[in-house]
Structures are given as C-alpha cells and as structure tokens.
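1. With the input below, show me the fold.
(chains A and B)
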Amino acid sequence: MTRVRFAPSPTGFLHIGGARTYLFNWLYARKLGGQVVLRIDDTDTQRSTDASLQSILEGMKWLEMPWDEQHYQSKRQQLHADAADALLKKGAAYRDFTPATTDKEKASSESKKGAWLCNPGMRELSTEESDRRAAAGEPFALRFRGPREDNGGVAFKDMVYRKQFRKYADIEDFALLRSDGNPTYHLASCVDDGDLKITDILRGQDHLTNSFKHIQIFEALGYDVPKFGHLPLLLGPDQSKLSKRRHGAIVSVVNYRDAGFLPQAFVNYMSLLGWSSKDNQEVFTVDELLERFEPASILRTNSIVQFDENDEAKWAPPKAVWLNGQHLRSMPVEKLMKYVKPELEKAGWWKDEYDGDPAILRTIDSIRSRYTMLGDFQLRAAAFFNDDFPTEEKAVANLDKDNARELLRGLADPIEALTEFTHETIEAALRGYAEENGVKAGLLINGSRAALTGQSVGPSAFEVFELIGQQKTVRRLRAV
RNA sequence: GGCGCCAUCGUCCAGUGGUUUAGGACAGGGCCCUCUCAAGGCUCAGACACGGGUUCAAAUCCCGUUGGCGCUACCA
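-> So this is what the prediction gives:
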C-alpha cells in the first residue's frame, strides 16, 4: 500500500511551495489508490506557533484534497527518544559535548574553509567517559556516526532526479538530538516516516542532500528505505526559493483563497509548475489531473511564480488569474454555487430561497461569463440581487448620450406590453421602438444596460432584461 | 570555500539525434466577431547561455566555461 505524507512545520503559513508539494503527493497517492498522511512537524517548539498551525490547516482544507490521517510530531516524542537511545546503544550515534554554536556567522565562516565532518575528539570518546559526562549532567548533542574508513557512499534512485550518489566523506556527522534533548528534524522525520510506514517521499529539492542522511538513519534503525522523489523548487520573481520570510504573505495559500481564487483553478496553476501533460493541455479539472498526472514527467528545473509584490491590485500570477476565469466559466454552475453563495452572503444579498433556485442559477451562469474572480460576484453583481445599486461613470455617460433617458423611459411601454418575455421578443420590441424613433438600436441597448445594471459592460443587454425580469425592467427604465 | 541540482521566448511548459523555417499557453501588439465588456477565432513580436567536441546530422549526447538555485546548523 502506497503511503505518502506531507509534513509541514508550523513556523509560518502554508505557502505555494508547500501546497504544490502536497498536491503532487496527493495526486501520486490517489492515482495509486494509496493513502495520504498529514503530519505536523512541530518539534521546533521555539518557532512553532498555533497561528501558523491554523493557517496551514485552513489552507489545506481550502485545497479540497482530503488526507486520511493526521499526526502531530510533538505527540510522538517517546518514539524519537527510543530511537535515539537505540542508535546510541548500537554505536551508530555518539554524544557530542561541544557547546552549540549559536553564532550563525561563525558557523558559516567555518564551513567556508571546507567540508566540516565532526567536532574533534567527540566521536572517539569512550563509552565510559561519554556515559560519565552525561551522568554528570553535561549537555550534549547526539550525532550520527558516519562511516569514515569506508570510502563508499550512499546511493539511491530518485523518482525525478534519477541516480543519486554521495560519498560518506561528504556527509557530516549530523545531529539527531539537540542538547535540550529534543530530536532534530532528521531524526524525528525518519522515525515517524518509518513508524507510519511511509513508502514514498515526495518533497522539495532542497531536501535532496538530506536524503542521503535519511537513508542512513532508516538503515540504522532497520526501517525499509522509502522511495524518494524530489520536486524542483518554486522561486519568487527574484529567483530565490519561495519562502515566508523573503516573500511574505503574498505567497500564502489563504491569500489566494481570500483573493477569490477557486481552489481547483489554484490547484491547476500549481500543477503546471514543474509538470505538464504531454499533449500541452493546460486547463484541467482535478479529475483530469488525477487521470493525467505522471510522476515520470515531473521537471527538474525550478520555476518562478510570477507574482508582483509592488502591484496591490494585480499581484497574482497572470496565468493563475486566467486559469481562474477558465474554471469559473466552465465549472457546472451548480457546483460553482458553493463558492458564489458566500460571496453573496458577504454582500448581504443572499436569501435562503435562492438555494437551488433555477432563476438564480441562470443569473449566475450568465454573469459569470464576464467574471474572473469570485470577488466579482459581490463587486459587480449588485443590480441582479438588489434594487439599490451604484451606477458607474461610464454607464452615466451612456444614459446622458443624446436623448437616451427620454427614449428609455418611453421604451418601458412596449416592454411592459410584451406578453412573452424572451430574448427574441425583447430584441424585436427594442429594435422596433428604435426604428420608430429613428435612433440606432445601440443607443438603447447600451442605455438599457446602464439603466438596468448601472454598468456599461456585462452580458448581452437582452439577456439582462430577462434576468432582471419584466416588472423590474419596466420600473428601472421608467426611473431613469 | 566544499558538495550537489539545473540551464528552450518576459513567465509557465512541448521538444529525449534527422518529421523543426524550434511548438503551445499566459502576458503584450494588431485584426475579426459584436449591443458594451469579456469569451472565442485569426495574427504579429518573442528563446535553444557560451565554447569545444562526438556524428553525415545536436536544442537534443559528452566535456569545459558561465550563470542561477539548493545544501553545507543542536531550522524544518
């Protein structure tokens, strides 16, 4: 049974990079009929916050790609401690009593001199001395004892990056336990992956070099080594790895939700970053994605998410916006209502009887043809749900053109006289009336759109008449 | 510094030795459609980082250079 996991750490919100990793994991597992595990990697108690956790859960929920199990790493600490113990007893790990270097500058300048492998003297400490110093309460970090006499290395086949190899001489004695006794990411992650029977690990390419260490841990602990697949990184427009710190809230998944993206459009956009269908198709429903997704065609090149931090109105990646329009217009309208309803509620226009009302569905179906974001439903649809709606400048201009107002008031009569109120009868009535008065139909068409919706743009005017209804249409024409 | 990954239009992708005057999508320009605006259709502009090989033939294979990215923490 294929089991994958997504293991975010709650040290910030869920960003596009993480969401894309989750998407690929999800597609991969679902395609194989496997299971998806969500594990919150909260071992870094210093930096983990509840707000981050909520943001992650919220973002994940919005994506509509459900997971099967949820775990918290902080609740599995006994497991990690036992594993550390076992490794120490086996001799696969040793205590390092060197005080921690908190000075980042120093650490990085030291590593600039060459490859750092271990702190001098520590790996050779006798068991007796090590035990004695530990018993005396001296703080220590537990380090993995990498093979040093062996000039071989660790090899694995990456699903994306193919054959990978790293010499033991290039793998340092990484820490398993911090001096405060907490497990590091490496230890906790591997122990949990092993214990949770994770079979396939798809994660960011920034972990590629970690995988060599992890394989060593899996093997030392006697777990089956999972299959690895590393995904190319998502970069910001500045070409640096997408991160909460550098790029801020703009890369947060909930930011896209709040901007009026449809989850399936957002998912579609993410799927196109580092993967593509062989036939160049770009617009996919989630089902189609599930059908077409092929781990073998995951790219190895990093891709840039084209957002614009300097443009408050148009910050979102243009292609994501375009995709949203595509999904907004092509999704079954009944399904779309799930997302439109909250918009109408926020605007204060929603009524309970709207639920399943075919007239409402028709209205939404019509007006969505001009919308791209969900927010458009509350920003631009007032006239369809309320008698009180603003009239924009360009619409006023249409009404003020020639003697449009007067003519529109007169148009109310033939409209009112219609016994059948359809696109065809309305059009005939309007065009006939225009001819009678010796004006171009366009004057009345644009004028009535302005009168009925307060807007100069939108669906076909005759369709608007129908949607608004005969009574209201007459009323609005007379009030112009 | 060391180790590794990557390198096709502004961006996202196609392309796995000849079918390529390098294809599609987004964004941009133009035209058409048209009652407006979208959508849609057509169209223009726009790229194989560089240098060496290998080969009858290279965007495609090899080497080097350059560039970008990542890792190099008792962060994940």
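
2. Tell me where the stretch 251-400 of chain A has helices.
-> For the stretch 251-400 of chain A, the helices defined by DSSP state H, counting those that start in this stretch occupy A:253-258, A:263-271, A:286-292, A:318-330, A:333-347, A:358-367, A:376-379, A:382-385, A:393-400.

3. Tell me the buried residues in stretch A:24-40?
-> Residues of stretch A:24-40 classed as buried by neighbour count (16 or more other C-beta atoms under 10 Å): A:24-31, A:34-40. No exception for glycine: its C-beta is placed from N, CA and C like everyone else's.

4. Of all pairs in the residues you listed, which one is the farthest apart?
-> Pairwise distances across those peak at 24.7 Å for A:Lys31 and A:Ile40 (criterion: C-beta to C-beta).

5. What score does A:Arg47 have for pLDDT?
-> What the model reports for A:Arg47 is a pLDDT of 84.

6. repeat for the one 4 residues further on
-> We note a pLDDT of 90 for A:Ala51 in this prediction.

7. Could you check how many residues crowd around it?
-> 11 (other C-beta atoms under 10 Å).

8. and A:Tyr72, which of the helices of the stretch 251-400 of chain A is closest to it?
-> Closest to A:Tyr72 of these, according to C-beta to C-beta: helix A:253-258, at 20.2 Å.

9. Would you mark the buried spots in that closest one?
-> Neighbour counts over helix A:253-258 (16+ other C-beta under 10 Å) mark A:253-257 as buried.

10. And it, what does it pack against?
-> Applying 3 or more C-beta pairs under 8 Å, 6 or more residues apart in numbering; DSSP states H and E, one finds that helix A:253-258 contacts helix A:16-31, helix A:50-62, helix A:263-271.

11. switch to 7 Å and redo it
-> Packing contacts for helix A:253-258, counted by 3 or more C-beta pairs under 7 Å, 6 or more residues apart in numbering; DSSP states H and E, involve helix A:50-62.

12. Run through the stretch 101-250 of chain A and note the low-pLDDT ranges.
-> A:102-114 (pLDDT under 70).

13. can you do 80?
-> Within the stretch 101-250 of chain A, the stretches with pLDDT under 80 are A:101-115.

14. Tell me how far A:Glu406 lies from A:Arg431.
-> In this view, A:Glu406 and A:Arg431 are 18 Å apart by C-beta to C-beta, to the nearest Å.

15. need the helices for the stretch 51-200 of chain A, in chain order.
-> Counting by DSSP H, counting those that start in this stretch, the helices of the stretch 51-200 of chain A are A:77-90, A:104-112, A:127-135, A:185-195.

16. Contacts for the last one next, please.
-> Spelled out, it's helix A:185-195. Residues outside helix A:185-195 that contact it (C-beta atoms under 7 Å, 6 or more residues apart in numbering) are A:5, A:7, A:39, A:41, A:43, A:73, A:76, A:79-80, A:83-84, A:174, A:176-177, A:201, A:210, A:213-214, A:217-218, A:221, A:223, A:226.

17. before we move on, the earlier item: which one, of the helices of the stretch 51-200 of chain A, ends up nearest to RNA strand B?
-> helix A:185-195 (3.2 Å; C-beta to the nearest atom of the strand).

18. after the closest one comes which helix or strand?
-> The helix or strand immediately downstream of helix A:185-195 is strand A:200-204, counting by DSSP states H and E.

19. Figure out how far that following strand is from the centre of its chain.
-> 17 Å (C-alpha atoms, centre = their mean, to the nearest Å).

20. ok, the closest residue to RNA strand B within the stretch 251-400 of chain A - contacts?
-> The nearest approach of the stretch 251-400 of chain A to RNA strand B comes at A:Ser276, 2.8 Å away (C-beta to the nearest atom of the strand). Contact analysis of A:Ser276 by C-beta under 7 Å, 6+ apart lists A:Ser297.

21. and it, backbone torsions?
-> In terms of degrees, to the nearest 10, the main-chain angles of A:Ser276 are phi -160, psi 160.

22. Between its first and last residues, how far does stretch A:455-464 reach?
-> Stretch A:455-464 has an end-to-end distance of 11 Å (C-alpha to C-alpha, to the nearest Å).

23. again, but for stretch A:123-139
-> Using C-alpha to C-alpha, the gap from the first to the last residue of stretch A:123-139 comes to 15 Å.

24. And for stretch A:311-319?
-> By C-alpha to C-alpha, the extent of stretch A:311-319 from end to end equals 16 Å.

25. One more: stretch A:237-251?
-> 11 Å.

26. centre of the chain versus that stretch, how much separation?
-> With C-alpha atoms, centre = their mean as the basis, stretch A:237-251 stands 14 Å off its chain's centre.

27. Ok, stretch A:68-80 next?
-> 24 Å.

28. Provide the contact partners of that stretch at residue level.
-> If you take C-beta under 7 Å, 6+ apart as the criterion, stretch A:68-80 is touched by A:35-43, A:183, A:187-188, A:191-192, A:195-196.

29. Cheers, nothing more for now.
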